[in-house]
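*Asks:* turn this into a structure:
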Amino acid sequence: MRYHQSGNIPQKRHTIFKSPEDKFYYEQLFGTEGFHGISSLLYHIHRPTQIKSIGEPKDVAPKIAVEKNVTPRMFKGMNVTPEDDFMDSRKFLMVNNDLKMGLSKPRKSMDYFYKNAECDELLYAHSGSGILKTFVGNLEFSVGDYLIIPRGTIYQVELYSDDTVFFVVESHSPIYTPKRYRNEFGQLLEHSPFCERDIITPTFVEPKDEKGEFLIKVKKENQITDFIYATHPFDVVGWDGYFYPYKFNIKNFEPITGRIHQPPPVHQTFEAHNFVVCSFCARMYDYHPQAIPAPYNHSNIDSDEVLFYTEGDFMSRNHIDLMDFTLHPGGIVHGPHPGAMERSIGKKFTEEYAVMVDPFRPLKITEEALKVEDTSYKTSWLENEDNHLEDRSQE
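*Replies:* Below you'll find the model as predicted:
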């Protein structure tokens, strides 16, 4: 992250700051990891602490169906049920102690505010468009945008259409750009597949000076609790720092290619504690005269591998639809489906887009995931006549 400033702020932090009407503004430190991590300072028209009431917590813990999974699986995201409410639409399919991931198909804009008080959020816009409204400004989003929302951010989502689909990751640790692509000052290096110009910061919006009853749904410890505040949470007249939501579009990722097949780390886009996020993008294939563009068989002993398929045709897998998730558990060999390796030889480029998450601790499978599982996937590498017929049809 880089330093950013919006609106009006005092010349020096932790000092008196007043409005033109000689009324105090109220400073808030917004950050994580105690006073050690990155942070921002926000300046409110009203005290941001004015709670009027707190409701009973609602349990939203994912229901685990498979605690210990060693089975390759496919989940048909197309079959995940849409919901009108933004939070009700969030269906987690795979979880561990570091993250939760799944799909969200909200059909209506939020008429309340929301704060995740324990997890950073990654929302990847598979379809639809809208605007993420936050207390530090707004971010318009459309297809292909990653929205990175730090924990503690108060936000609303306004949808421009009812076909929005998000791939969702909630992370119990901060989500950062890869450390190996940054120098000791935090600047992205020349060999990074993206740069600061590709990272879009919030557009400042005039503060809301309103009193009344404002519902903020707060999520913590797998519970959502309704807080009613006496003032509008978007009353920030200015802020500065390193801690804020931002967006990055997958099509601004510049793929790293080579003469022979490149391993998944070249596609890394984000990292957190015990997992990474990668972007597989349209790119030239390997250009050695005998290169095999399809990925080689591999077994990541220490990590599971999840792919979310978002655009294009997928060379390495048979019968993949958009919004499908594939899960390959650590220690179990996986690779191209029968015929995929052969079909890839001689291909010059791909137009596929996918988001990959590699967790370094095993994933548990939820009841929501089993509702949309294609149970035939685990045996889909068997060589049979159907595969050979499909192979010949591609020649």
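*Asks:* helix or strand: which one has the residue nearest to Leu382 when sequence neighbours are not counted?
*Replies:* Nearest non-adjacent residue to Leu382, counting by Cβ to Cβ, 6 or more residues apart in numbering: Pro338, 7.6 Å away. Any C-beta I mention is one placed from the backbone N, CA and C, and that applies to glycine too. Pro338 is part of no helix or strand when elements are defined by DSSP states H and E.
*Asks:* what number of residues lie near Pro338?
*Replies:* Close neighbours of Pro338, defined as other Cβ atoms under 10 Å, add up to 17.
*Asks:* was I right to think it contacts Thr379?
*Replies:* No. Under the criterion of Cβ atoms under 8 Å, Pro338 is not in contact with Thr379, lying 11.4 Å apart.
*Asks:* spit out the contact partners of the closest residue to Ile320 other than its chain neighbours.
*Replies:* Once flanking residues are discounted, Ile320 sits nearest to Phe314: 4.5 Å by Cβ to Cβ, 6+ apart. Phe314 makes contacts with Ile320, Glu352, Ala354, as judged by Cβ atoms under 8 Å, 6 or more residues apart in numbering.
*Asks:* if we only consider these, which is nearest to Asp198?
*Replies:* Taking Cβ to Cβ as the measure, Asp198 lies nearest Ala354 of the contacts of Phe314, at 18.9 Å.
*Asks:* residue contacts, that closest one?
*Replies:* Applying Cβ under 8 Å, 6+ apart, the residues near Ala354 are Ser279, Phe280, Leu307, Phe308, Tyr309, Thr310, Phe314.
*Asks:* repeat the analysis, applying 6 Å as the threshold.
*Replies:* The neighbours of Ala354, taking Cβ atoms under 6 Å, 6 or more residues apart in numbering as the test, are Phe280, Leu307, Tyr309, Thr310.
*Asks:* out of those, who's nearest Pro48?
*Replies:* Checking the contacts of Ala354 against Pro48 with Cβ to Cβ, the nearest one is Thr310 at 36.9 Å.
*Asks:* related to what we said a few turns ago, right, and the secondary structure at the residue nearest to Ile320 would be what?
*Replies:* coil (DSSP: H, G, I helix; E, B strand; the rest coil).
*Asks:* looking at it now. What's its pLDDT?
*Replies:* With respect to pLDDT, Phe314 scores 72.
*Asks:* Gly37 now?
*Replies:* 86.
*Asks:* skipping adjacent residues, who's closest to it in space?
*Replies:* The nearest residue in space to Gly37 (Cβ to Cβ, 6+ apart) is Gly31, at 5.6 Å.
*Asks:* distance of Ile256 relative to Lys208?
*Replies:* Going from Ile256 to Lys208 by Cβ to Cβ, to the nearest Å gives 44 Å.
*Asks:* now do Ile200
*Replies:* 23 Å.
*Asks:* any stretches of this protein with poor pLDDT?
*Replies:* 315-316, 385-395 (pLDDT under 70).
*Asks:* where does the residue most central in space within it fall, secondary structure wise?
*Replies:* Nearest to the mean C-alpha position of the chain, by Cα atoms, centre = their mean, lies Leu122 at 2.4 Å. Element membership for Leu122, per DSSP H and E: strand 120-127.
*Asks:* does anything pack onto the helix or strand just after that strand? Which helices or strands?
*Replies:* As assigned by DSSP H and E, the chain's next helix or strand after strand 120-127 is strand 130-134. Secondary-structure packing of strand 130-134 (3 or more Cβ pairs under 6 Å, 6 or more residues apart in numbering; DSSP states H and E): strand 137-141, strand 154-159.
*Asks:* need those strands in JSON lines (columns: mean neighbour count and distance to Tyr285).
*Replies:* Output for these, formatted as JSON lines (neighbours: other Cβ atoms under 10 Å; distance: least, Cβ to Cβ, whole Å):
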{"stretch": "strand 137-141", "mean neighbour count": "20", "distance to Tyr285": "30"}
{"stretch": "strand 154-159", "mean neighbour count": "19", "distance to Tyr285": "37"}
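*Asks:* who's in contact with Val357?
*Replies:* Val277, Val306.
*Asks:* next SSE downstream of the helix or strand hosting it?
*Replies:* Per DSSP H and E: Val357 is located in strand 353-359. Using DSSP H and E, the helix or strand that follows strand 353-359 in sequence is strand 364-366.
*Asks:* gap between that following strand and the chain center?
*Replies:* Distance, stretch centre to chain centre, for strand 364-366: 19 Å (Cα atoms, centre = their mean, to the nearest Å).
*Asks:* ends of stretch 54-71, what's the gap?
*Replies:* The straight-line separation of the ends of stretch 54-71 (Cα to Cα, to the nearest Å) is 43 Å.
*Asks:* buried sites along it?
*Replies:* Neighbour-count burial for stretch 54-71 flags Pro62, Val66, Asn69 (criterion: 16 or more other Cβ atoms under 10 Å).
*Asks:* now swap in stretch 341-361 and tell me
*Replies:* Neighbour-count burial for stretch 341-361 [16+ other Cβ under 10 Å]: Met341, Arg343, Ser344, Thr350, Glu352, Tyr353, Ala354, Val355, Met356, Val357, Asp358, Pro359.
*Asks:* look up how far Gly238 lies from the fifth one.
*Replies:* Glu352 sits 43 Å away from Gly238, taking Cβ to Cβ as the criterion.
*Asks:* do the same with the last one
*Replies:* If you measure Pro359 against Gly238 using Cβ to Cβ, the figure is 38 Å.
*Asks:* gap between the closest residue to Ile345 other than its chain neighbours and Asp84?
*Replies:* Distances taken as Cβ to Cβ, 6+ apart place Ile292 nearest to Ile345, at 6.1 Å, with adjacent residues excluded. Separation of Ile292 from Asp84 (Cβ to Cβ): 47 Å.
*Asks:* between these two, who's got more neighbours?
*Replies:* Ile292 (18 against 11).
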